[in-house]
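J.: Take this sequence and fold it.
(2 chains)
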Protein chains: 2
Amino acid sequence: MQFTSEQRLDDGVLEREFTLGDIPGILWTPASAPTPLILLGHPGGLHKLYPRLVARARHSAAEGFAAAAIELPGSGDRPRSAAAEEARADLRRALEAGEPIDEIVDRLVLPLVEKAVPEWRAAIDALLSLPQIGGPVGYAGGVIAIGLRLAVVEPRISAAGLFAGSYVPRSMFDEARKVTIPLLVLLQWDDEWNDRQLTLDLFDAFGSKEKTLHANMGGHIGVPQFEGDDVNRFFTRHLK
Amino acid sequence: MQFTSEQRLDDGVLEREFTLGDIPGILWTPASAPTPLILLGHPGGLHKLYPRLVARARHSAAEGFAAAAIELPGSGDRPRSAAAEEARADLRRALEAGEPIDEIVDRLVLPLVEKAVPEWRAAIDALLSLPQIGGPVGYAGGVIAIGLRLAVVEPRISAAGLFAGSYVPRSMFDEARKVTIPLLVLLQWDDEWNDRQLTLDLFDAFGSKEKTLHANMGGHIGVPQFEGDDVNRFFTRHLK
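T.: Next comes the predicted model:
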């Protein structure tokens, strides 16, 4: 893990860009240390998403959490996947035509999960070796399928706040039953990039004894401000 | 409104029993005044429910809210309704036999709503005339059908935290579309006294632009402790 830049934000949060092999990432740490770590899940494209990611990171830092994001395979400056681009276009077409999407979602999401999860795990290795990061680790954000797989295979993930803003392959529902960590699932009731019933079924399938669903009105980008506070409180209950 | 007893609880909350005509009730006020008022919805039986009601009232008082409950028609020491008792028995039988319940729920809930809502409104009149109570008013708790009707007909109700722990007549769904105040709906995912899909459909039907659903694991009486804090924060956003 190589730090490539470093700046102190006006609220005292230290922002450092890094590379992990050929994967770019950003780490935000609050002044207090050692801290628990929150992995910021996102749909890919660190630069484009930076304003939203840094806002989430600063909000987490204010409660004493470090936060980190790494670029997803096929996104940002990383090599594109022709198969993923094709699947994404197929998904858009199928949704517009009202056609079945299960096979397309499998093609789009499963390879991404296969590639991204080992990278997130390598990032956890590297981040937990830093003196400022003490653990435990939470996963917060979108690409719920990645959070789901991480929750099953990575014992260092202690809690997850999952934003249900993307399709999860139905073929992963059996895996969802194996999740046992505390979960907070955020659902936008009329999310144009997600299926409400799919999320309700997935929430039902999760094996966790403590799981909470927060549903709010509005579309994909309309998550109310107060949910950020709820996510912080959720992690404070489970990571501190 | 006649106060019939008064005691100061150890946290400084003033608890006063009262009667409003022949309806018994309890009012809890924090030291700070004037305060917003939260009506504590409940399934009937003030004495039996007292431990839970006083816990909710103290929790509200700690955030500066007064709280009040009045006895429901047909409950506690008030005259029983033979029709309601019969409907309740019919509902139990129908649920056990897996038979349709819509007609029974209508018979059980609609007359209760018709009687209880004017009583709650009279209580609001009386309570808002006290110098300690400044308003605005929220409704928090069970018998969601009563909260729904109050939200539609009573303009002094500014926000409602509805516990979806009882059946709501499908015939009230059109009324739900007329609700416009902010709502927080609590759903226990495996509530033995409620129907999950009914609650999801009802949540969808509410006309409010700001509405949030919190679903948690467990049965009717398993609402997690932290939801009490969430309800307080919801009312702090909307009543202060």
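J.: By neighbour count, which bits of the longest helix belonging to chain A are buried? Give me those.
T.: Secondary structure of chain A read by DSSP state H shows that its longest helix is helix A:102-128. For helix A:102-128, the neighbour count (16 or more other C-beta atoms under 10 Å in any protein chain shown) marks A:104-113, A:116-117, A:119-120, A:123-124, A:126-127 as buried. Every residue, glycine included, has its C-beta placed from N, CA and C.
J.: ok, and of the residues you listed, which contact chain B?
T.: When C-beta under 8 Å from any C-beta of the partner chain is applied, no member of the buried residues of helix A:102-128 is adjacent to chain B.
J.: Can you spell out which helices and strands pack onto the longest helix of chain A?
T.: strand A:14-20, strand A:23-29, strand A:35-41, strand A:66-70, helix A:82-97, strand A:133-141, helix A:144-153 (3 or more C-beta pairs under 8 Å, 6 or more residues apart in numbering or on different chains; DSSP states H and E).
J.: would JSON lines of these with mean pLDDT and distance to residue B:239 be doable?
T.: Listed next are those as JSON lines, based on pLDDT from 0 to 100; distance: least, C-beta to C-beta, whole Å:
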{"stretch": "strand A:14-20", "mean pLDDT": "96", "distance to residue B:239": "38"}
{"stretch": "strand A:23-29", "mean pLDDT": "96", "distance to residue B:239": "35"}
{"stretch": "strand A:35-41", "mean pLDDT": "97", "distance to residue B:239": "32"}
{"stretch": "strand A:66-70", "mean pLDDT": "97", "distance to residue B:239": "33"}
{"stretch": "helix A:82-97", "mean pLDDT": "95", "distance to residue B:239": "41"}
{"stretch": "strand A:133-141", "mean pLDDT": "95", "distance to residue B:239": "30"}
{"stretch": "helix A:144-153", "mean pLDDT": "97", "distance to residue B:239": "34"}
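J.: Do you know the pLDDT at the closest residue to residue A:93 other than its chain neighbours?
T.: With C-beta to C-beta, 6 or more residues apart in numbering or on different chains as the criterion, residue A:93 has its nearest non-adjacent residue at 7.8 Å, and that residue is residue A:99. Looking at residue A:99, its pLDDT reads 96.
J.: try residue A:2
T.: At residue A:2, pLDDT is 96.
J.: What parts of chain A come near chain B?
T.: Counting by C-beta under 8 Å from any C-beta, chain A sits next to chain B at A:189, A:200, A:203-204, A:208-217, A:224, A:226, A:229-230, A:233, A:237.
J.: ChimeraX command for the buried members of those residues?
T.: Burial among the residues of chain A next to chain B is assessed by 16+ other C-beta under 10 Å; the matching ChimeraX selection reads:
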select /A:189,200,203,204,208,210,211,212,213,214,215,216,217,224,230,233
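J.: Out of the residues of chain A next to chain B, list just those in strands.
T.: A:211, A:212, A:213, A:214, A:215, A:216 (DSSP state E).
J.: pLDDT for the residues you listed - can I get that in a markdown table?
T.: Below are these laid out as a markdown table (pLDDT from 0 to 100):
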| residue | pLDDT |
| --- | --- |
| A:211 | 98 |
| A:212 | 98 |
| A:213 | 98 |
| A:214 | 98 |
| A:215 | 98 |
| A:216 | 97 |
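J.: Mind listing what's buried along stretch A:39-46?
T.: Result for stretch A:39-46 [16+ other C-beta under 10 Å]: buried residues A:39, A:40, A:41, A:42, A:43, A:44, A:46.
J.: actually stretch A:52-64, not the one I typed
T.: A:53, A:54, A:56, A:57, A:58, A:59, A:60, A:61, A:63, A:64.
J.: Per-residue pLDDT of the last one, please?
T.: Translated: residue A:64. At residue A:64, pLDDT is 95.
J.: That one: what's it in contact with?
T.: A:30, A:32, A:35, A:36, A:240 (C-beta atoms under 8 Å, 6 or more residues apart in numbering or on different chains).
J.: State the number of residues packed around the fourth one.
T.: Think residue A:36. 23 (other C-beta atoms under 10 Å in any protein chain shown).
J.: Could you measure from it over to residue A:157?
T.: Distance, residue A:36 to residue A:157, by C-beta to C-beta, to the nearest Å: 11 Å.
J.: and for the two, which residues touch both?
T.: What both residue A:36 and residue A:157 touch, as defined by C-beta under 8 Å, 6+ apart, is the set A:137, A:138.
J.: Centroid-nearest residue for chain A?
T.: The centre of chain A sits closest to residue A:41, judged by C-alpha atoms, centre = their mean, with a distance of 1.8 Å.
J.: Pretty sure it sits against residue A:141.
T.: Yes: with contact defined as C-beta atoms under 8 Å, residue A:41 reaches residue A:141; the gap is 3.1 Å.
J.: tell me, what's touching those two both at once?
T.: In contact with both residue A:41 and residue A:141: A:147, A:162, A:163, using C-beta under 8 Å, 6+ apart.
J.: What about chain A, which residue is the most distant from its middle?
T.: Chain A, farthest from centre, C-alpha atoms, centre = their mean: residue A:97 at 29.0 Å.
J.: Measure how buried the closest residue to residue A:101 other than its chain neighbours is and give me the count.
T.: Of all residues beyond its chain neighbours, the one nearest residue A:101 is residue A:94 (4.9 Å), with distances taken as C-beta to C-beta, 6+ apart. Counted by other C-beta under 10 Å, the residues lying close to residue A:94 total 16.
J.: Quick check, residue A:94 in contact with residue A:104.
T.: Yes: in this structure residue A:94 lies within contact range of residue A:104 using C-beta under 8 Å: 5.7 Å.
J.: Name the residues linked to the spatially closest residue to residue A:5 that is not a sequence neighbour by a beta bridge.
T.: Excluding its sequence neighbours, the residue lying closest to residue A:5 (C-beta to C-beta, 6+ apart) is residue A:17, at 4.4 Å. Here residue A:17 sits in beta bridges with residue A:5, residue A:26, going by DSSP bridges.
J.: tell me the contacts of residue A:17?
T.: Residue A:17 neighbours (C-beta under 8 Å, 6+ apart): A:3, A:4, A:5, A:6, A:24, A:25, A:26.
J.: quick one: residue A:222 from residue A:190, how far?
T.: For residue A:222 relative to residue A:190 (C-beta to C-beta), the value is 9 Å.
J.: again, but for residue A:77
T.: 33 Å.
J.: what about the two, which has more around it?
T.: Between residue A:77 and residue A:190, residue A:190 has the larger neighbour count (other C-beta under 10 Å), namely 14 against 10.
J.: Could you pull up phi and psi at the more buried one?
T.: Main-chain dihedrals, residue A:190, degrees, to the nearest 10: phi -120, psi 40.
J.: and what of residue A:184?
T.: Dihedral angles for residue A:184 - degrees, to the nearest 10 - are phi -120, psi 120.
J.: With residue A:208 instead?
T.: Dihedral angles (degrees, to the nearest 10) for residue A:208: phi -60, psi 140.
J.: Could you pull up the contacting residues of it?
T.: Going by C-beta under 8 Å, 6+ apart, the list of residues near residue A:208 reads A:179, A:180, A:181, A:182, A:183, B:217.
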